[in-house]
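Novice: just the structure for this:
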Amino acid sequence: MGTQSIELLAGIDPLAKVCFVSCGVPLITVVVILLVGSKRGWFKPYKETHKVERKRAAKGLGKDIEALGHRLQTPPDELRNFEPKYRLASISKKRGGRRRLDIPDHKTKTLQRTILRKLLRNLKTHSCAMGFDPGISIAHNAAVHTGQAVVIKLDIKDFFPATTKERVEQYFRRVGWDGECAALLTGLVTHNDGLPQGAPTSPRLSNLVNYVLDCQIQRYVLKHKGTYTRYADDITVSYPEDWPKYVRGTVQKVRRVCRRHGYTVHTRKKLRIVRRHQQQRVTGLVVNEKVQLPREKRRWLRAVEHRLSTTGEASLTEEQLAGWEALQQMIDQQARPGRGSMNEGDPE
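Specialist: Model (predicted):
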């Protein structure tokens, strides 16, 4: 048997080998099939499956601390001995209450920005994860839900803190770091057992860690001819027809998927099911017919512009009004379904 034939037999998917042998195909026939098939692209070399990769990750196999130090341009001992420090702060929420922030100190923030730039920025997020992605705005998130019969809006409670350090560590293992590196990286980007709201790495990691969550929700929604996006903790699903059974099923499915990943979805307070005859808003923008600012906001801006042009006094300065006008221009330019894969399958 020639060298090429032996290499083909070694490289063929094991399942194909079993099929040939179990069918009693003579070896010479197998060789001929392999030679012809290799030229025509019938067979592809056997590759390690995701299941095998997960087993390797569970055993702590992967790139070591030396590779991590090289990527971050930081000595391994310095990484091992680094202790992140945070200060507690809070800001007012839009609908009342206070939002907790854990702000990293200068050294911690500098290292986290290096991790973001060197390790996280080029890793793949799901196409339906619209928040925190350069070049993707609230207008892009709203545009794919334009002109739908029903829009379902759900909100994940305490999104960043509920993204646990265990899931973050599993993710670092899954992308190829060994046990020591995964634990070390997790310690550098988490705080109080979750992602700190205030760290530069948290937004990107929240999308990376939730790739499977996005896949699972999108798969269900696509099966029912709908559209799904997630902008940070805001989940939006829309359908071209108002099917009550699908609407109820979607709310239940999203809750179940989020629960499996450690999240709680607000049940009544922030659940919104909005039909076509109502004003449908997605990330603050109206999407009934086209993406635009809400009517009351547009009227207010016209009134401000009129007062400035007539009396020179208004609730906004000319610079602030110019900022609103720039926002409106951005919405007009970006408010079209341009991300491409909202209604197409996304590989898991």
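Novice: low-confidence regions, the chain specifically.
Specialist: Scanning the chain with the threshold set as pLDDT under 70 gives 1-25, 27, 30-31, 34, 36-61, 336-348.
Novice: show me where it has strands.
Specialist: Per DSSP state E, the chain carries strands over the ranges 86-92, 98-104, 150-155, 227-231, 234-239, 272-275, 281-282, 285-286.
Novice: which residues sit against the last one?
Specialist: With contacts defined as CB atoms under 8 Å, 6 or more residues apart in numbering, strand 285-286 is touched by 138-139, 142, 279-280, 291-295, 331, 335. For the C-beta atoms, the positions are set from N, CA and C on the backbone; glycine is no exception.
Novice: can we see that at 10 Å?
Specialist: For strand 285-286, the external contacting residues (CB atoms under 10 Å, 6 or more residues apart in numbering) are 137-139, 141-143, 145-146, 279-280, 291-295, 297-298, 331, 335.
Novice: buried subset of those, written for ChimeraX?
Specialist: Only the buried entries of those go into this ChimeraX selection, using 16 or more other CB atoms under 10 Å:
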select :137,138,139,141,142,143,145,146,280,291,292,293,297,331,335
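Novice: in helices only, show me the contacts of strand 285-286.
Specialist: Among the contacts of strand 285-286, the members falling in helices (DSSP state H) are 138-139, 141-143, 295, 297-298, 331.
Novice: show me which of the residues you listed is closest to Glu169.
Specialist: Here the nearest of those to Glu169, counting by CB to CB, is Asn141; it sits at 29.3 Å.
Novice: do you know how far that closest one is from Gln334?
Specialist: Distance, Asn141 to Gln334, by CB to CB, to the nearest Å: 10 Å.
Novice: residues touching the spatially closest residue to Leu316 that is not a sequence neighbour, list them.
Specialist: Take Leu316 and drop its neighbours on the chain: the residue closest to it by CB to CB, 6 or more residues apart in numbering is Val304, 5.0 Å away. For Val304, the contact set (CB under 10 Å, 6+ apart) comprises 314-318, 320-321, 324.
Novice: next: His277.
Specialist: When contacts are counted by CB under 10 Å, 6+ apart, His277 touches 149, 288.
Novice: need the helices for the stretch 51-200 of the chain, in chain order.
Specialist: Here the stretch 51-200 of the chain has its helices, by DSSP state H, counting those that start in this stretch, at 65-72, 76-81, 106-115, 138-143, 159-162, 165-174, 179-189.
Novice: out of those helices, which comes closest to His261?
Specialist: His261 sits nearest to helix 165-174 of all those, at 7.3 Å, using CB to CB.
Novice: pull out the buried residues from that closest one.
Specialist: So for helix 165-174, counting by 16+ other CB under 10 Å, buried means 165, 167-174.
Novice: Serialize these to a markdown table and add fields for distance to Leu184.
Specialist: Below are the buried residues of helix 165-174 laid out as a markdown table (distance: CB to CB, whole Å):
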| residue | distance to Leu184 |
| --- | --- |
| Lys165 | 12 |
| Arg167 | 16 |
| Val168 | 12 |
| Glu169 | 10 |
| Gln170 | 14 |
| Tyr171 | 14 |
| Phe172 | 9 |
| Arg173 | 12 |
| Arg174 | 16 |
